[in-house]
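Engineer: can't give you the sequence, but here's the structure:
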């Protein structure tokens, strides 16, 4: 099947317009969780293993009982987690250690699910 040459620019314009309209949903946080109102420092982690809403929810659940974590926003499309934390209670290195700790699986084994690529 051969497409008319005049149809190609229309398809390109339609693709660009569609991408422009879809930019907003892909820049919204995958999850946004607030644990405690305290904490004023922010750290941005590039996290290998954040892939979808499910992994983002699981990732956030690792920190639900950790003192010093005020809030977490995850962006699965960018593999990013933004932590708001209290530096008097927890450090970015401690946040990373929790992130990279092996997680127990149903079969009794343990596996590292998330890995920090960088901290800003």
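Structural biologist: Alright, I've got the coordinates. Small disclaimer: the values here were computed from a predicted structure and weren't measured.
Engineer: residue 99 is in contact with residue 46, correct?
Structural biologist: No - counting by C-beta atoms under 8 Å, residue 46 sits too far from residue 99 to count as a contact (11.0 Å). (Glycine included, C-beta is placed from N, CA and C.)
Engineer: which of these two has more residues huddled nearby?
Structural biologist: More crowded of residue 46 and residue 99, by other C-beta atoms under 10 Å: residue 99, with 22 against 15.
Engineer: find the nearest non-adjacent residue to that one, please.
Structural biologist: residue 114 (4.9 Å; C-beta to C-beta, 6 or more residues apart in numbering).
Engineer: pull the contacting residues for that neighbour.
Structural biologist: 47-50, 59, 99-100 (C-beta atoms under 8 Å, 6 or more residues apart in numbering).
Engineer: in ChimeraX, how would I select the buried members of the residues you listed?
Structural biologist: In ChimeraX, a selection of the buried entries from these looks like this (16 or more other C-beta atoms under 10 Å):
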select :47,49,50,59,99
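Engineer: turn the contacts of residue 114 into TSV, including pLDDT, secondary structure and distance to residue 36.
Structural biologist: As requested, these are exported to TSV (pLDDT from 0 to 100; DSSP: H, G, I helix; E, B strand; the rest coil; distance: C-beta to C-beta, whole Å):
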residue	pLDDT	secondary structure	distance to residue 36
47	97	strand	21
48	97	strand	27
49	95	coil	25
50	95	coil	22
59	96	helix	18
99	97	helix	19
100	97	helix	23
